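# Sequence first, predicted coordinates after that:
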Amino acid sequence: MFDKENIKAKVKEIVEAEGAGLLSFRVFFTQGVNVIRAVVDYPKGGITLGVCAGINKALDNYLQDSGLKENYAIEINSPGLDRLLKEPGDFLRLKARQAGFWLREPVCGKEYVEGQVIEVGEKNLLLSGKAGKVFLSFDKIKAAKEKILL
């Protein structure tokens, strides 16, 4: 039987053994196949395709050894460059990088601010932008995106 919670626990175990974290997990059925989709990354970012492939292989071996009869596909992905960041742990990956922040309420008169993430604390982060240094409380951040500089 296809036990989603058991599979999620195994994915989490495999991911954590790699020193990474499970950012999202979803199982859905489409076109006759159970799709297992997980997004993983290191706490400070930078997971590689090779690590994702290794996690995929370890999960596939586990599912084969468990005698699972249902058809399945495994998708282990990195978060991607344009992923919206919302959780405090997401912001650790932004340290020393440029980012844009959409705010729940204005800070310095603005609902959107950009700059380099200087520090990430337990409840806020320090951003250095055009207007100088600004502390942003996590509870005031609606979402953020890393700015890709070319």
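Nice, thanks for sending it over.

# which helices and strands sit right next to the longest helix anywhere in the chain?
Secondary structure of the chain per DSSP state H: the longest helix is helix 49-65. For helix 49-65, the elements it packs on are helix 4-17, strand 33-41, strand 72-77, judged by 3 or more Cβ pairs under 8 Å, 6 or more residues apart in numbering; DSSP states H and E. (C-beta placed from N, C-alpha, C; glycine too.)

# Show me the one of those that comes nearest residue 119.
strand 33-41 (20.1 Å; Cβ to Cβ).

# Relative to the whole chain's centre, how far out is the closest one?
Here the centre of strand 33-41 is set off from its chain's centre by 13 Å, with Cα atoms, centre = their mean, to the nearest Å.

# Name all residues that make contact with the residue nearest the centre of the chain.
Nearest to the mean C-alpha position of the chain, by Cα atoms, centre = their mean, lies residue 23 at 4.2 Å. Residue 23 sits next to 39-41, 79 when contact means Cβ atoms under 8 Å, 6 or more residues apart in numbering.

# what about residue 123, neighbour count?
Using other Cβ atoms under 10 Å, residue 123 has 9 other residues around it.

# Could you do residue 51 as well?
Neighbour count of residue 51, defined by other Cβ under 10 Å: 19.

# right, and it touches residue 15 too?
No. With contact defined as Cβ atoms under 8 Å, residue 51 does not reach residue 15; the gap is 9.3 Å.

# As CSV, could you dump the C-alpha coordinates of the longest helix of the chain?
Below are the C-alpha coordinates for helix 49-65, written out as CSV (Å, rounded to 0.1, in the frame of the first residue of the first chain):
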residue,chain,number,x,y,z
LEU,A,49,22.0,18.0,-8.8
GLY,A,50,24.3,15.2,-7.7
VAL,A,51,23.0,15.3,-4.1
CYS,A,52,19.4,15.4,-5.4
ALA,A,53,20.1,12.4,-7.6
GLY,A,54,21.6,10.5,-4.7
ILE,A,55,18.5,11.2,-2.6
ASN,A,56,16.3,10.0,-5.5
LYS,A,57,18.2,6.8,-5.8
ALA,A,58,18.2,6.1,-2.1
LEU,A,59,14.4,6.6,-1.9
ASP,A,60,13.9,4.4,-5.0
ASN,A,61,15.9,1.6,-3.5
TYR,A,62,13.9,1.9,-0.3
LEU,A,63,10.6,1.7,-2.2
GLN,A,64,11.7,-1.2,-4.3
ASP,A,65,12.9,-3.1,-1.2
